[in-house]
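Engineer: Build me a model from this:
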Amino acid sequence: MDDVLFKPIRLKMLADTLSRWCQYEIVSPQSASQTVAVSAREREFLEEDLKGLSMAMTLEDMPQMRHYSHRIKGVALMLGLTRLASLATALEERLIQGEPMSIEEGEEWQKKLKEQIVQSSTSEVPHV
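Structural biologist: Prediction:
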């Protein structure tokens, strides 16, 4: 095997690379209910990270705040959720500056992220 993938790994790029190097059998497409289950699982992961971010903000734990904003950004980039990725990137950059964040500002960031997560689960998300 002679190939490389760079972060953020896009699901489409991963599928294309695997198909180049692996023998596979074409099977019937997923049913609509399976697609919804995957989307719900992805949303669940994002919501868990948002809860972690919320807890870190409550505790004023800057390293954990950066950790969770980076995780949200990574998942969003992997799934092709550009608005969520941009928002999480902006938050991560804000946190890297290291300046204290007010409770109100933290709540506003959480609200915006939550809105994007909800919006992404109701719009078309590319699944591979």
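Engineer: what about the longest helix in this structure?
Structural biologist: Criterion DSSP state H: the longest helix present in the chain is helix 32-58.
Engineer: quick check: mean pLDDT across that one?
Structural biologist: The average pLDDT within helix 32-58 is 79.
Engineer: what ranges of the protein fall below the confidence cut-off?
Structural biologist: Residues of the chain meeting the criterion pLDDT under 70: 1, 24-38, 122-128.
Engineer: Which residue ranges of it form helices?
Structural biologist: Using DSSP H, helices in the chain cover 11-21, 32-58, 62-79, 82-96, 103-122.
Engineer: so who does R66 touch?
Structural biologist: R66 makes contacts with E92, L95, I96, as judged by C-beta atoms under 8 Å, 6 or more residues apart in numbering. C-beta coordinates here come from the backbone N, C-alpha and C atoms, glycine included.
Engineer: out of the residues you listed, who's nearest M62?
Structural biologist: L95 (6.4 Å; C-beta to C-beta).
Engineer: Next, the buried residues of the longest helix of the chain.
Structural biologist: The neighbour-count check on helix 32-58 (16 or more other C-beta atoms under 10 Å) flags S39, E42, R43, L46, D49, L50, G52, L53, S54, A56, M57 as buried.
Engineer: would a markdown table of the residues you listed with distance to Q119 be doable?
Structural biologist: Converted to a markdown table, the buried residues of helix 32-58 look like this (distance: C-beta to C-beta, whole Å):
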| residue | distance to Q119 |
| --- | --- |
| S39 | 13 |
| E42 | 13 |
| R43 | 11 |
| L46 | 12 |
| D49 | 16 |
| L50 | 14 |
| G52 | 20 |
| L53 | 18 |
| S54 | 19 |
| A56 | 23 |
| M57 | 21 |
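Engineer: wait, which of those is closest to C22?
Structural biologist: Nearest member of these to C22, counting by C-beta to C-beta, is E42, at 23.5 Å.
Engineer: Could you report the separation of that closest one from I117?
Structural biologist: Using C-beta to C-beta, to the nearest Å, E42 is found at 10 Å from I117.
Engineer: From the contact counts, what lies against the longest helix of the chain?
Structural biologist: Other helices and strands packing on helix 32-58, by 3 or more C-beta pairs under 8 Å, 6 or more residues apart in numbering; DSSP states H and E, are helix 62-79, helix 103-122.
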